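J.: Just a sequence and a predicted model for now, questions to come.
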Amino acid sequence: MRPTMIAALVLAVSVLPPAMAAAFTVQRSDLADQKAVFATVESVDVVPARARIGGTVGRLAVKAGDRVAPGEVLAVVADEKLLLQIASIDAQIAGLQSSLSQTRDDLARAETLYRQGSGPRVTMDQARTAVEMASSALRARAAERAVIDQQVAEGEVLAPVGGRVLAVPVTNGTVALPGDTVASIAAQDYVLRLRVPERHAGFVRHGDIIRLDTSGRGRDRDTPAFGTITRVYPRIEDGRVVADATLPGLDTYFVGERVTVWIAAGTRPAIVIPASLIRTRFGLDYALVQRDGKVMETPIQRGRPTPTPAMPEGIEILSGLAAGDELVQP
């Protein structure tokens, strides 16, 4: 065996210069025994945007995948009969306005003759009644015109909530009836819907921390994402417990996308240290331990990565360290 290899193997305990400060105290704590389960990105609410009047879809402004704001116009449903009704009422209003002008002139002449003593009071009263009737008829036609204007305005299909458009089952030229769905919108509040096997039902609790597996999905795989279970449904479906969890950044996922989530399925004692305190040489892992005022390089055996919210780069240590050891870092 070459001297260099022998030197590498005898580095089990080597004394280093004590010009380092304690950076981390090893502690044995209860570590969650995590299990991988599948979860689906779901919307808390899927709200349909419906047509309020019947007609033909004349202008479709959105497509599946678009983001919309509350009150945004998604489409316009037009009914040509409403335009004809507006033209008819406008003509009636014009005729009533002329009739009202004529009755007012008749009332003015009747009042003048009555004051001069040349006309009877009955004629003046009849002219005043004719003016009131013409005014009432004009107001009634104006109200009918306002109703039709409101129907035309209701032809605009508005987004009831802000979010992402999931489906648009109509196209331009489609005939829509009152109440027909023009678009389905997923509200902006997304959740992870977990389906946990029944044997782990006793470990799923409200408030538990979960970890999202971000590897291999084109996102920042080096930054672990953590969420919280917010609801556990009291019913088992197909041998699985259903639970909802909230997680920052879910709006960047597709609705219905399946992801891998790590949940706690019991606890066990373990030692976890930051990955930055581990040094690797010749395929062996070492940690710098300060004991009796001296810093020694001690071989360790690492386990799997166990990131937590408090320690995103946590690594489980299987052997080589004990509770109370002071680890230092150059």
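T.: That came through, no problem.

J.: Break down the stretch 1-150 of the chain into its helices, ranges please.
T.: According to DSSP state H, counting those that start in this stretch, the stretch 1-150 of the chain carries its helices in the segments 3-9, 80-116, 121-153.

J.: can you put the ones you listed in TSV and add distance to Y190, mean neighbour count and mean pLDDT?
T.: From N, CA and C alone the C-beta is placed, and that goes for glycine too. Listed next are the helices of the stretch 1-150 of the chain as TSV, based on distance: least, Cβ to Cβ, whole Å; neighbours: other Cβ atoms under 10 Å; pLDDT from 0 to 100:
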stretch	distance to Y190	mean neighbour count	mean pLDDT
helix 3-9	51	10	38
helix 80-116	39	14	85
helix 121-153	33	15	86
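
J.: so which of those comes closest to S184?
T.: Nearest of these to S184, taken as Cβ to Cβ: helix 121-153 at 23.1 Å.

J.: neighbouring strands for the following helix or strand past the closest one, and are they parallel or not?
T.: Later in the chain than helix 121-153, the nearest helix or strand by DSSP states H and E is strand 156-158. According to DSSP bridges, strand 156-158 forms sheet pairs with strand 73-78 (antiparallel).

J.: any idea how far the partner strand is from the chain center?
T.: On the basis of Cα atoms, centre = their mean, to the nearest Å, strand 73-78 sits 24 Å off its chain's mean C-alpha point.

J.: Output stretch 266-282 as CSV, nothing but the C-alphas.
T.: Presented in CSV, the C-alpha positions along stretch 266-282 are these (Å, rounded to 0.1, in the frame of the first residue of the first chain):
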residue,chain,number,x,y,z
GLY,A,266,-43.5,8.5,13.4
THR,A,267,-40.3,9.7,15.1
ARG,A,268,-36.9,8.2,16.0
PRO,A,269,-33.8,9.6,17.8
ALA,A,270,-31.2,10.9,15.4
ILE,A,271,-28.3,13.4,15.0
VAL,A,272,-28.6,16.0,12.3
ILE,A,273,-25.9,18.5,11.4
PRO,A,274,-25.5,21.1,8.6
ALA,A,275,-23.9,19.8,5.4
SER,A,276,-21.4,22.6,5.5
LEU,A,277,-19.7,21.0,8.6
ILE,A,278,-18.8,17.8,6.7
ARG,A,279,-15.5,17.5,4.9
THR,A,280,-15.0,14.7,2.3
ARG,A,281,-11.6,13.4,1.3
PHE,A,282,-10.8,10.2,-0.6
